[in-house]
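Student: model the following, please.
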Amino acid sequence: MKSIIILAGLATLAGGAQAQTTAQTTAPATAAPSAATSVKAGATVTDVAGGTVGTIKSVEGDLAVLSTGTVEVRLPLSSFAAGANGPVIGLTKAQVEAAASGATAERQAKLAAQITAGTTVMDTSGGTVGKIESVDGEFATVATTKNKVKLPISSFAAGASGPVIGMTAAELDTAAAKAAPAATPAADAKPSGN
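Tutor: Have a look, this model is predicted:
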């Protein structure tokens, strides 16, 4: 088996390399859920005391992405109430950011517990990629049926039944083949003397 380090080109999951955090949390509603009609991209969200919490970045189905400028959180539309100047939530900006930080810390702790030797690594579709052979600081070596590939821990996300990466076993093997150093030519054969 070849042992190869792949540092780039992996599809990361769960914000492993993102500057902002995306967390899903719930906030208590302060009025009827009919306020969802005022929850639109660009709307400024305030707390019940009138303090600015952030801005709605987007609305995706029954969830709104709220950006505080530091973190982004997905909140159910039912978390918002209609205020005089737009959507209102029952949390302050500091409380939203603390909840997001807590969710991130919890997710990181779950991932750290899953990145251990012998653990099966899955792809995003639930297919088996390989097993973690070893963990060394910021890297984990994953053994596929063809290669041993050293991946940054940031390439993994915590899954329901173990760590997940954004590549299938075949894609990882292909990336490993492309990253492998070129074979060194055999020493020049010496001509036989007569």
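
Student: just the CA atoms of the helix ranked longest in the chain, as CSV, please.
Tutor: Under DSSP state H, the helix in the chain containing the largest number of residues is helix 93-114. Below are the C-alpha coordinates for helix 93-114, written out as CSV (Å, rounded to 0.1, in the frame of the first residue of the first chain):
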residue,chain,number,x,y,z
LYS,A,93,-26.9,39.2,19.9
ALA,A,94,-24.6,37.9,22.6
GLN,A,95,-26.9,35.0,23.4
VAL,A,96,-27.1,34.0,19.7
GLU,A,97,-23.3,34.0,19.5
ALA,A,98,-22.9,32.1,22.7
ALA,A,99,-25.4,29.4,21.5
ALA,A,100,-23.6,29.1,18.2
SER,A,101,-20.2,28.8,20.0
GLY,A,102,-21.7,26.1,22.2
ALA,A,103,-23.0,24.2,19.2
THR,A,104,-19.6,24.5,17.5
ALA,A,105,-17.7,23.3,20.6
GLU,A,106,-20.2,20.3,21.0
ARG,A,107,-19.7,19.4,17.3
GLN,A,108,-15.9,19.6,17.6
ALA,A,109,-16.0,17.4,20.7
LYS,A,110,-18.1,14.8,18.9
LEU,A,111,-15.8,14.8,15.9
ALA,A,112,-12.7,14.5,18.1
ALA,A,113,-14.3,11.4,19.8
GLN,A,114,-14.9,9.9,16.4
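
Student: now stretch 57-70, how far from the centre of its chain.
Tutor: 17 Å (CA atoms, centre = their mean, to the nearest Å).

Student: revised request: answer the last question for stretch 166-183.
Tutor: Taking CA atoms, centre = their mean, the mean C-alpha location of stretch 166-183 is offset from the chain mean by 21 Å.

Student: how about it: buried residues?
Tutor: Taking 16 or more other CB atoms under 10 Å as the neighbour-count basis, stretch 166-183 is seen to contain the buried residues G166, M167, T168, A169, E171, L172, D173, A175, A176, A179. For every residue, glycine as well, the C-beta is placed using N, CA and C.
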